[in-house]
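what follows is a predicted protein model with its sequence.
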Amino acid sequence: GENVEQHPSTLSVQEGDSAVIKCTYSDSASNYFPWYKQELGKRPQLIIDIRSNVGEKKDQRIAVTLNKTAKHFSLHITETQPEDSAVYFCAASKPQAGTALIFGKGTTLSVSS
Amino acid sequence: DTAVSQTPKYLVTQMGNDKSIKCEQNLGHDTMYWYKQDSKKFLKIMFSYNNKELIINETVPNRFSPKSPDKAHLNLHINSLELGDSAVYFCASSQGGKSYNEQFFGPGTRLTVL
């Protein structure tokens, strides 16, 4: 089955710096790669996603890249702010109805001002 | 106009008890899921239903039984609760038939077994 590895497990940056979180997946049939942000005590919130027919996607300060050949995808956050502090999860999924999201183990991002 | 809702938000109970968690979505989706988030924050699929039909049943003890009375609801019943069942349980939903599997999560139910 699918396996998703996520690095690093913790990341501390200064406000205004960039943060990069990397994930790898194992199943070449996976075609959908979302990123979720989870604040303490809250639900995972979808912040950006990328599909296998796209190499890069950007939404304001957040961007995601996908390398299908290497089975890598990454989240880039620029100009980090204290409110970006949270746990970030990458996930991979196949297209079939009812297919699970297979999550990485999460990255705790701390942005200090 | 909450998209995916769960009740209760918190559940504290004794070992050996039976409890249920309810989930409802008003997004018109036809697929619903239960995920478990353990104390290390790891999110793992437990079950999924598509049009009230069980699709995924991961290696979960038989004490856990999902029920989907209709496409908008997915409940989780847990028998003979154990200490190790303490976790946050998230319901999620998605629309099947798409080429990608975008899922929306409920607020979670924090289960504490004493």
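Everything's here; your move.

now residue B:5: how far from chain A?
Distance, residue B:5 to chain A, using Cβ to the nearest Cβ, to the nearest Å: 11 Å. From N, CA and C alone the C-beta is placed, and that goes for glycine too.

does that residue really touch residue B:24, like I thought?
Yes - Residue B:5 is within contact range of residue B:24, at 5.3 Å (criterion: Cβ atoms under 8 Å).

what about the two, which has more around it?
The neighbour count for residue B:5 versus residue B:24, taken as other Cβ atoms under 10 Å in any protein chain shown, is higher for residue B:24 (19 against 14).

mind pulling the model confidence for the residue nearest the centre of chain B?
Nearest to the mean C-alpha position of chain B, counting by Cα atoms, centre = their mean, stands residue B:34 at 3.0 Å. pLDDT recorded at residue B:34 is 96.

OK, contacts around it?
B:23, B:45, B:46, B:47, B:48, B:66, B:74, B:76, B:89, B:90, B:91, B:92 (Cβ atoms under 8 Å, 6 or more residues apart in numbering or on different chains).

what about burial for those residues, which qualify?
B:23, B:45, B:46, B:47, B:48, B:66, B:74, B:76, B:89, B:90, B:91, B:92 (16 or more other Cβ atoms under 10 Å in any protein chain shown).

what is the nearest of those residues to residue A:50?
Comparing the buried ones among the contacts of residue B:34 against residue A:50 with Cβ to Cβ places residue B:92 closest, at 19.0 Å.

where do the strands sit along chain B?
Here chain B has its strands, by DSSP state E, at B:4-7, B:10-13, B:19-25, B:31-37, B:43-50, B:53-57, B:64-70, B:73-78, B:87-94, B:104-105, B:109-113.

okay, those, which one's buried deepest?
Among the strands of chain B, judged by mean count of other Cβ atoms under 10 Å in any protein chain shown, the one packed with the most neighbours on average is strand B:31-37 (a mean of 25).

distance from that one to the middle of the chain?
How far strand B:31-37 lies from its chain's middle: 4 Å, per Cα atoms, centre = their mean, to the nearest Å.

dump the residue contacts of the closest residue to residue B:49 other than its chain neighbours.
Of all residues not flanking residue B:49 in the chain, residue B:68 sits nearest, at 4.4 Å (Cβ to Cβ, 6 or more residues apart in numbering or on different chains). Listed by Cβ under 8 Å, 6+ apart, the contact partners of residue B:68 are B:32, B:49, B:52, B:54, B:74, B:75.

great, nothing more from me.
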